[in-house]
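Asks: This is the structure alone, sequence omitted:
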C-alpha cells in the first residue's frame, strides 16, 4: 500500500476515535474548529515527514552521481582522402559466394554408415597432411564414431558445396 493512503487512514481513524468517545450531541462551531485544527495538524506533520524523506533521497542520489571527465580529447577519425590517381575501392555484393578452391587430400575420405552423409573427410588425417582444420567451415563439422572412439570429421558434400575439391591420385 502507498504511504499516502496509510497516512490518510491513520488520520481518519484517529479523528473518528476522538469523536466517538464523546457523547452524542449537536456540534457547535467550537467543536468543528477543533476538529479542523486537529486534521490540519495531522496533515502538516505528514507533509513534514514526507518532505524530509524526499530530501534524504535527493541527497543520496547526489552522492551516487559521478561525473566522468576524460583527461584527453577523444580521437575522431577523418574520412580517407582519395587522389585522382588512386583507384576507388570496389564494393563486393553480399550475395556473391567466395569460392575457396582449396584442395583437400583424397586419401582422407572415408565411407560411413548411418546418417544422411555417406562420405566424410577425417580431421586427424587432414592435420597429418598439413591441412589446417581451422579454415574449414564449422557447418560441415561432425562427430564420427570409430573403433578408437568418437572423432572429428567433415561432411564431404558440405565441403564441396563451399568450394573445396579433392586431389586426384
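Replies: Looks like it came in fine. In this text the structure is predicted, and so the values were computed from the model without any measurement. Numbers count the residues shown, from 1 in each chain.

Asks: who's in contact with the helix or strand bottoming out on mean pLDDT in the chain?
Replies: When the helices and strands of the chain are scored by mean pLDDT, DSSP states H and E, helix 3-21 comes last with a mean of 74. Helix 3-21 has contacts (C-beta atoms under 8 Å, 6 or more residues apart in numbering) with 35, 38-39, 42-43, 46, 50. Where you see a C-beta, it was placed from the backbone N, CA and C, and this is true even at glycine.

Asks: repeat for stretch 128-135
Replies: 100, 102, 104-105, 107-108, 123, 126-127, 152, 154.

Asks: got the buried residues for it?
Replies: Buried residues in stretch 128-135, counting neighbours by 16 or more other C-beta atoms under 10 Å, are found at residue 131.

Asks: Give me the distance between the two termini of it.
Replies: In stretch 128-135, first residue to last residue: 15 Å (C-alpha to C-alpha, to the nearest Å).

Asks: Make 58 the first number, not 1, from now on.
Replies: In the new numbering, first residue 58, that becomes stretch 185-192.

Asks: Filter the contacts of stretch 185-192 down to the buried ones.
Replies: By neighbour count, with 16+ other C-beta under 10 Å, the contacts of stretch 185-192 hold 161, 165, 180, 183, 209, 211 as buried.

Asks: which helices and strands does the lengthiest helix in the chain pack with?
Replies: Identified as the longest helix of the chain according to DSSP state H is helix 86-121. The elements that helix 86-121 packs onto, with contact taken as 3 or more C-beta pairs under 8 Å, 6 or more residues apart in numbering; DSSP states H and E, are helix 60-78.

Asks: re the thing from before, would you turn the contacts of helix 60-78 into TSV with distance to residue 195, pLDDT and neighbour count?
Replies: Below are those laid out as TSV (distance: C-beta to C-beta, whole Å; pLDDT from 0 to 100; neighbours: other C-beta atoms under 10 Å):
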residue	distance to residue 195	pLDDT	neighbour count
92	81	84	14
95	78	88	15
96	75	88	14
99	72	89	17
100	70	90	13
103	66	87	17
107	61	86	13
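
Asks: quick one on the thing from earlier: which of the buried ones among the contacts of stretch 185-192 are the two that sit furthest away from each other?
Replies: With distances taken as C-beta to C-beta, the most widely separated pair in these is 161 and 209, at 14.4 Å.

Asks: and the longest helix of the chain, which residues are buried?
Replies: So for helix 86-121, counting by 16+ other C-beta under 10 Å, buried means 99, 103.

Asks: distance between that helix and the chain's centre?
Replies: Relative to its chain's centre, helix 86-121 lies at 43 Å (C-alpha atoms, centre = their mean, to the nearest Å).
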